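# prediction below, plus the sequence it came from.
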Amino acid sequence: MASPEDRWLAWATDASGRNEVRVAPMQDPARSVQVSMDGGQPIRWDNGGGRLYYTDGQAIHSVAFRADGPDLGSRRFEFPVPRDAKGWDVAPDGQRAYFIRGGAMVSELVVAQGALPKY
């Protein structure tokens, strides 16, 4: 998935034996960096491409981006993922997460807002 300004590319790879999120400059994919620590799938970039949201299936995390790449020290927990969630997304402003819970007969949309203070 490309960042909004088409500068970075984020994807999941299972080269290590489990899915992990990697990012690379769009011009040089060989310079990829792993950003997830406990498995992961990319979800979305924020509006300006300054933060990437990803999930390890248990929680949604994010990492900030500087001009030269991800700031790995900025990784943070954003929202817990409900156990029975079948799908998830994050609002482009990062203020809310959306989860689909339930099964084939009954499903519900759960919106989590302000789970953690932004800093």
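Sure thing, it's come through.
# pretty sure residue 36 is in contact with residue 60, am I right?
No: in this structure, residue 36 is not within contact of residue 60 by CB atoms under 8 Å, at 11.4 Å. Placement of C-beta: from N, CA and C, glycine included.
# what do these two both touch?
residue 54 (CB atoms under 8 Å, 6 or more residues apart in numbering).
# just the buried residues of stretch 65-73, please?
65, 69-70 (16 or more other CB atoms under 10 Å).
# same list (those residues) but as JSON lines, adding distance to residue 8, secondary structure and pLDDT.
Shown next, in JSON lines, are those (distance: CB to CB, whole Å; DSSP: H, G, I helix; E, B strand; the rest coil; pLDDT from 0 to 100):
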{"residue": "65", "distance to residue 8": "7", "secondary structure": "strand", "pLDDT": "95"}
{"residue": "69", "distance to residue 8": "8", "secondary structure": "strand", "pLDDT": "93"}
{"residue": "70", "distance to residue 8": "8", "secondary structure": "strand", "pLDDT": "96"}
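# now these as a markdown table including distance to residue 92?
Below are the buried residues of stretch 65-73 laid out as a markdown table (distance: CB to CB, whole Å):
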| residue | distance to residue 92 |
| --- | --- |
| 65 | 15 |
| 69 | 21 |
| 70 | 19 |
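# let me know the closest of the residues you listed to residue 30.
If you rank these by distance to residue 30 using CB to CB, residue 69 comes first, at 13.6 Å.
# quick one: contacts for that closest one?
The contact partners of residue 69, taken as CB under 8 Å, 6+ apart, are 8, 23, 25, 33.
# for residue 19, which non-adjacent residue is closest in space?
Excluding the flanking residues, the one nearest residue 19 by CB to CB, 6 or more residues apart in numbering is residue 12, at 4.4 Å.
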